[in-house]
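# the following block contains a protein sequence and its predicted model.
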Amino acid sequence: MKTRDFAVHASQALSSTHRRQFCRQVVYGGLAFYGLPAFARANKPPLGQVVVVGAGFAGLTAAKYIRQWSRGNVGVTVIEPNMQFISCPQSNLVLGGSKTMDALSFSYQLAQTQHGLKWVHDQVVAISPTRKQVQLARGTLHYDKLILAPGVDFNYRPLVGMTQPVAHITHAWKAGAQTLQLRQQLTAMADGGVFVITIPKAPYRCPPGPYERACQVAHYFKQHKPRSKVIVLDANPDIVSKKGLFMQSFRGLYADIIDYRPNSEIVEIDPNTHTVKTDFETVHADLLNVIPPQLAGKIAQQAQLNNVDQRWCEVDFLTYASTIAPDIHIIGDSISAGLPKSAHMATSQAKICAAAMVDLLAGQAPNPLPVFANTCYSFVDDQQAMHVANVYRFDATKKTMIGAEGGGVSTQASLLEGQYAQAWANNIWADTLT
Amino acid sequence: MQHPLNCIIVSLLAMGLSPLGFTEPVQANSVTSLAASCYACHGPDGNSMGGTASLAGLNASYFAERMQGFKDGSMPATVMHQHAKGLTQTEILALADYFATLPRKTPKPLPYQSFKGQP
């Protein structure tokens, strides 16, 4: 390939370390300096064509940064079935009543035009790794490299009595129509009613999310339905994330409202009577919110890339390539990792994947020691929030990302961190969508 | 103004050497992607939408001093100490020099749109 020949030729006199760095500079920043090469004017992107499936936090970030870091020398086509970007972060605040869905809904247009992304409003139905093609509902697309960022899918099969989704029982675990539906159910519920939320065993999307939701519903009840209760049936033996902080809220601010019950895995559900049976008890709800067990998004399952417990996808943490399909990279909530399935994590993975993909397409070795950060805020009411934050670095022996020194959680939820949480949201939206 | 020590360290890094005498693989793209990980809170290319510091165009010495303060606890922080403690001194200095090269820009407004009801 022309870029590669040029880069290698020009750096012959350099040591191998220098050559590697020099090649990177050519790919990342040097093309403009050397003048626009002839291939940049051709229709075919000189370093190859990447197809990204899914334009959530992970997929859209990968698409943007591949374009940016390849200086437009890698073509990117994004396939996304939804018309808008809806933010899952802060969607619990819609339930609490302090945010509207409009405040979490965004157009894809700016990202498309700003980064020269080809956009296909469609759904992938199959992948052919041997032909390097994705099959869409309408037509097929060729790729040199494929990125899957399909998020999570729900598995209702273990829920005895509700092995299929039921229209009046929401998950509201993908922000959208179900978020609004649950909000409407909350406002329609009589004062004195019991709201029951069920939490699946970890791992699932957004580890602190269910506990934040319990706080948000309690925040709404405290203002408008003070005789109502929140019962949290957690399949886990303990609060999965920010435990001490959520306990402060459960025992303090919402001591009269939230009733937290660990080790409460669903044994059976009756969706008609809103009754949940656990090993210990049978709980009746006036309003039931079931967060089902989760696994890698549908297309990852269809391509049989969910090779860990038939749920999550195993990847190489230097490139995010599937361990069983080298030209298919997987990022975000679908992967198997000891990493929280958060929006910041999804974008951090997407950036390592994007950098590696540009390197691979330019014939270079990817960064051998990726390091990235994760910051996640949870709101306990309309204004106070708290964080968990960590740096993660690649461990070459364990071949995975490991939490670095430092890292941890807030001492308590505060108004100041509520402002930071909003700043985080505005900035990660801007980083992803502009 | 760039701290002279930073210049020396960056030159050493460019030669594949760390100031402590061993090879540390902080390369052009590792700094780029590490820096990009900060944008979730600090805005696209280090240009904040508000509420957090813009990192683009910050003086390298100032950035390094602040981060060192967060790392050793001499600078009070709500969240930055968690991140600073996880980064090596070499990474902090590489980030300082990288952010110093980025232009300060006004970020584009967010493309809000009325919710259209998707599932």
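Sure, I can see it. Numbers count the residues shown, from 1 in each chain, chains lettered A, B, ... in the order given.

# who in the stretch 201-350 of chain A is up against chain B?
Residues of the stretch 201-350 of chain A lying near chain B by Cβ under 8 Å from any Cβ of the partner chain: A:343, A:344, A:347, A:348. In short, each C-beta sits where N, CA and C put it, glycine included.

# tell me how chain A divides into domains.
A:3-153+A:295-367+A:419-433, A:155-293 (automatic domain parsing).

# how about a markdown table for those domains, with distance to residue B:72, mean pLDDT and mean neighbour count added?
As requested, the domains of chain A are arranged in a markdown table below (distance: least, Cβ to Cβ, whole Å; pLDDT from 0 to 100; neighbours: other Cβ atoms under 10 Å in any protein chain shown):
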| stretch | distance to residue B:72 | mean pLDDT | mean neighbour count |
| --- | --- | --- | --- |
| domain A:3-153+A:295-367+A:419-433 | 22 | 87 | 21 |
| domain A:155-293 | 25 | 98 | 19 |
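
# can you tell me which of these is nearest to residue A:374?
Evaluated over the domains of chain A, closeness to residue A:374 peaks at domain A:3-153+A:295-367+A:419-433, with 4.8 Å, by Cβ to Cβ.

# just tell me which of the domains of chain A ends up closest to residue B:58.
Nearest to residue B:58, of the domains of chain A and by Cβ to Cβ, is domain A:3-153+A:295-367+A:419-433 at 15.8 Å.

# starting at the chain centroid, how far to stretch A:308-322?
Distance, stretch centre to chain centre, for stretch A:308-322: 15 Å (Cα atoms, centre = their mean, to the nearest Å).

# so what touches that stretch?
A:147-148, A:155, A:203, A:294-296, A:300, A:305-307, A:323-324, A:327-331, A:334-337, A:349, A:352-353, A:356-357, A:360, A:366-368, A:370, A:394, A:399-401 (Cβ atoms under 8 Å, 6 or more residues apart in numbering or on different chains).

# now do the helices in the stretch 51-200 of chain A.
A:57-69, A:91-96, A:109-115, A:177-188 (DSSP state H, counting those that start in this stretch).

# for those helices, which one sits closest to residue A:251?
helix A:91-96 (19.2 Å).

# which elements pack onto that closest one?
For helix A:91-96, the packing partners by 3 or more Cβ pairs under 8 Å, 6 or more residues apart in numbering or on different chains; DSSP states H and E come out as helix A:177-188, helix A:209-224, strand A:371-379.

# next, see if the last one gets close to chain B.
Think strand A:371-379. Yes: judged by Cβ under 8 Å from any Cβ, strand A:371-379 comes into contact with chain B through A:371, A:372, A:373, A:375.

# so the third one sits against residue A:391, correct?
It refers to residue A:373. Yes: using Cβ atoms under 8 Å, residue A:373 is in contact with residue A:391, at 5.2 Å.

# now the common contact residues for these two.
Counting by Cβ under 8 Å, 6+ apart, the common neighbours of residue A:373 and residue A:391 are B:83, B:86.

# next, the contact list for the spatially most central residue of chain B, please.
Per Cα atoms, centre = their mean, the C-alpha nearest to the average position across chain B is that of residue B:95, at 4.3 Å. Listed by Cβ under 8 Å, 6+ apart, the contact set of residue B:95 reads B:31, B:34, B:35, B:38, B:63, B:67, B:87.

# could you export the residues you listed to CSV, including columns for neighbour count?
Below are the contacts of residue B:95 laid out as CSV (neighbours: other Cβ atoms under 10 Å in any protein chain shown):
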residue, neighbour count
B:31, 20
B:34, 27
B:35, 21
B:38, 22
B:63, 21
B:67, 22
B:87, 23
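
# closest to residue A:108 out of the residues you listed?
residue B:38 (24.1 Å).

# hang on, the earlier thing: which ones among the contacts of stretch A:308-322 map onto helices?
Mapping these onto helices (DSSP state H) picks out A:300, A:349, A:352, A:353, A:356, A:357, A:360.

# thought the fifth one was touching residue A:368?
This means residue A:356. No: with contacts counted by Cβ under 8 Å, residue A:356 stays clear of residue A:368, the gap being 10.4 Å.

# what does the stretch 51-200 of chain A put close to chain B?
So far as Cβ under 8 Å from any Cβ goes, the stretch 51-200 of chain A lies against chain B at A:65, A:69, A:82-84, A:86, A:100-111, A:114, A:174, A:176-178, A:180.

# give the buried residues for stretch B:74-90.
B:78, B:79, B:80, B:81, B:82, B:83, B:84, B:85, B:86, B:87, B:88, B:90 (16 or more other Cβ atoms under 10 Å in any protein chain shown).

# near chain A, list only the ones from the residues you listed.
Okay, of the buried residues of stretch B:74-90 touching chain A (Cβ under 8 Å from any Cβ), that's B:78, B:79, B:81, B:82, B:83, B:84, B:85, B:86, B:87.

# which element is the residue nearest to the centre of chain B on?
Residue B:95 belongs to helix B:89-101 when assigned by DSSP states H and E.

# that older thread, closest one to residue B:108 among the domains of chain A?
domain A:3-153+A:295-367+A:419-433 (6.7 Å).

# and that closest one, how far out from the chain's middle?
13 Å.

# could you do stretch A:392-408 as well?
Distance, centroid of stretch A:392-408 to centroid of chain: 20 Å (Cα atoms, centre = their mean).

# got the contact list for it?
Among residues not part of stretch A:392-408, those counted as contacts by Cβ under 8 Å, 6+ apart are A:316-318, A:337-339, A:348, A:368-374, A:388-391, B:71, B:81-87.

# restricted to strands, list these.
Among the contacts of stretch A:392-408, DSSP state E puts A:371, A:372, A:373, A:374, A:388, A:389, A:390, A:391 in strands.

# which residues touch the first one?
The contact partners of residue A:371, taken as Cβ under 8 Å, 6+ apart, are A:391, A:392, A:393, A:394, A:404, B:30, B:34, B:37, B:87, B:91.

# against chain B, how distant is the fourth one?
Residue A:394 is 10 Å from chain B, where distance means Cβ to the nearest Cβ, to the nearest Å.

# try the first one
Taking Cβ to the nearest Cβ as the measure, residue A:391 and chain B are separated by 3 Å.

# cheers, nothing more for now.
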